[in-house]
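*Asks:* sequence first, predicted model second:
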Amino acid sequence: MRRALAEADLAALAGDVPVGAVVLGPDGALLATGHNEREATGDPTAHAEVLALRRAAAALGRWRLTGCTLVVTLEPCTMCAGALVQSRVDRVVYGARDEKAGAAGSLWDVVRDRRLNHRPEVVQGVLEDVCADRLTAFFRTR
C-alpha cells in the first residue's frame, strides 16, 4: 500500500485526484504501477487501477492477470471494478472506502456479484486513515 500511496502523491502533484495503484504478480513482485492521469491525458478512463492493469498485462504479455493482486488507495469505482473482474485478478486490496462511488462493498459490490463469472477476493481498509487523509487534504485545497 505504501507504494500505491507514492503513486497517489504523483497524481496530486499533477493536479489529479490522489489515487495510486500497483499490481503484484503471483510471486508478490511488483509488476506495474499507476496513478490517476485523467487531467494529464484528458482521458476519462485514465484511473489508477485501469492504467496499472494495462501495464501489468503488457508486462506479462497476456490480458488474464490470474494470480495477481491489485492494491489501490481508494475503493474502485464501477468502471475499475468491472476491469478487475474482466482481468481475472485474484485479489483487490484497497485503503479508503468510497461511499459515493465505491463498487467493492460500499455503494455497490460489483467485484463480488455472484452473477459474474469471476469474483476476486477483497481486502479493505489497509492503511485506510492514511489513504483517506491524502484525499481529504487534496480536496481541501479545491
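*Replies:* Perfect, thanks for sending it.
*Asks:* please tell me how far Leu127 sits from Ser87.
*Replies:* Remark: distance between Leu127 and Ser87 (C-beta to C-beta, to the nearest Å) = 23 Å. (Each C-beta comes from the backbone N, C-alpha and C, glycine too.)
*Asks:* please apply the same query to Glu99.
*Replies:* According to C-beta to C-beta, Glu99 stands 25 Å off from Ser87.
*Asks:* which residues in the chain form helices?
*Replies:* Along the chain, counting by DSSP state H, helices occupy 2-13, 38-41, 48-60, 78-87, 128-140.
*Asks:* between the ones you listed, which one is closest to Gly28.
*Replies:* The minimum distance between Gly28 and these falls on helix 2-13, with 12.0 Å, by C-beta to C-beta.
*Asks:* what about that closest one, average pLDDT?
*Replies:* The pLDDT scores in helix 2-13 average 98.
*Asks:* give the buried residues for it.
*Replies:* Across helix 2-13, burial judged by 16 or more other C-beta atoms under 10 Å covers 4-5, 7-12.
*Asks:* what does it rub up against?
*Replies:* Defining contact as C-beta atoms under 8 Å, 6 or more residues apart in numbering, one finds that helix 2-13 is touched by 17-22, 30, 33-37, 48, 71-73, 95, 127, 130-131, 134, 138.
*Asks:* ok, now stretch 31-40?
*Replies:* 3-4, 7-8, 10-11, 14-25, 43-44, 46-56, 58-60, 68.
*Asks:* show me which of the residues you listed are buried.
*Replies:* Among those, those classed as buried by 16+ other C-beta under 10 Å are 4, 7-8, 10-11, 16-25, 46-56, 60, 68.
*Asks:* re earlier: neighbour count winner among Glu99 and Ser87?
*Replies:* Neighbours were counted for Glu99 and for Ser87 using other C-beta atoms under 10 Å; Ser87 has more, 23 against 9.
*Asks:* okay, the helices of the chain in TSV with distance to Leu107 next?
*Replies:* What follows is the helices of the chain, written out as TSV (distance: least, C-beta to C-beta, whole Å):
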stretch	distance to Leu107
helix 2-13	21
helix 38-41	20
helix 48-60	16
helix 78-87	9
helix 128-140	16
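*Asks:* and Trp108, which of those helices is closest to it?
*Replies:* Proximity to Trp108 (C-beta to C-beta) singles out helix 78-87 among the helices of the chain, at 6.3 Å.
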